[in-house]
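J.: No letters, just coordinates:
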């Protein structure tokens, strides 16, 4: 297991930092019958020297054959077997995983689907605006019980490929309580973290964008996208460094910058490469323990997939990422 002494991460008792790859779709691809896409992404992470992959440990989309739940209490075994494959293949390659346990956003069901299962569905026009219904999710006692049940079920599951219990598997570096849980109150964070800690030995992160400094988790989390988050034109590079520096100096837990990015259809490539390199340098200087851009794709997805943030092995950011790996070593 990777552990923390409260200020840094430790591997075999020695300080450890990493550059990560985001590839949220891995279990989805396996569950939809295209495992080669997931393996391509894992192999790309290895080739780039990225020892950690951040991906989804949930799938709440009833319309997907890769779903992991049929309702609030009923796991869907084929989808979970797809996750088993992802964890096993990561282990085979010497990779570690950060697994998110739920999602604020509706692409894979998200908290909107949890509310639908609860019998209090979201209005059609609100589905893409979770800020309109998130408070209902966080405050619902039955949904909290369902969250704890899901954590318990997944932690107790023995991987059908490796035979290892999820809550004991050192391949899993950390659990994120949710992907980007905007507006999550402190009592929900405390509850969710306690639910994970009761059954899992790995580290815990909120998974938020704003580096919320909670005593209930082991890792702080930051996501930033200058073009989305208010940076003036030409100020993107400084904006990113300021976000990293402010978060790193404010939080008391080791900080993981789990997502960042610039669109590939706006700023010139050289400007984007320079900004990424500078952000990695700022993060290294501030003692950030982990960092990686959104999104490492595979070649079978369309080039405009995911709002122009996708990159591939053998593409625009190889040299930048390999330099970052050396910087974080």
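T.: Good, I have the coordinates. All figures in this text were calculated on a predicted structure; none of them were measured in a lab.

J.: Apart from its chain neighbours, what residue comes closest to residue 33?
T.: residue 65 (7.7 Å; C-beta to C-beta, 6 or more residues apart in numbering). Where C-beta positions appear, they are placed from N, C-alpha and C, glycine not excepted.

J.: Check residue 232 too.
T.: Per C-beta to C-beta, 6+ apart, closest to residue 232 is residue 239, 7.9 Å.

J.: ok so that neighbour is a helix residue?
T.: Yes. Counting by DSSP: H, G, I helix; E, B strand; the rest coil, residue 239 is found in a helix.

J.: Run a quick check on it versus residue 228, I expect a contact.
T.: No. Proximity of residue 239 to residue 228 does not meet the contact threshold set by C-beta atoms under 8 Å, at 10.8 Å.

J.: neighbour-wise, which of these two wins?
T.: residue 239 (20 against 12; other C-beta atoms under 10 Å).

J.: Which of the three states applies to residue 54?
T.: Going by three-state DSSP: residue 54 is strand.

J.: Who is the closest residue to it other than its chain neighbours paired with across the strands?
T.: Spatial nearest neighbour of residue 54, chain neighbours left out: residue 98 (4.2 Å); criterion: C-beta to C-beta, 6+ apart. Beta bridges link residue 98 to residue 54, residue 174, judged by DSSP bridges.

J.: Residue 98: what's it in contact with?
T.: For residue 98, the contact set (C-beta atoms under 8 Å, 6 or more residues apart in numbering) comprises 20, 52-55, 172-176, 205, 256, 258.

J.: thinking again about what came up before, which ones are touching the residue nearest to residue 232?
T.: 224, 226, 229-232.

J.: most surrounded residue in these?
T.: Most surrounded of those: other C-beta under 10 Å gives residue 226, at 24 neighbours.

J.: That residue touches residue 241, doesn't it?
T.: No. With contact defined as C-beta under 8 Å, residue 226 does not reach residue 241; the gap is 10.2 Å.

J.: Would you quantify the distance from residue 212 to residue 302?
T.: According to C-beta to C-beta, to the nearest Å, residue 212 and residue 302 sit 34 Å apart.

J.: more neighbours, the two?
T.: Neighbours were counted for residue 212 and for residue 302 using other C-beta under 10 Å; residue 212 has more, 21 against 8.

J.: In space, what's closest to that one - neighbours in sequence excluded?
T.: Closest to residue 212 by C-beta to C-beta, 6+ apart is residue 206, at 5.7 Å.
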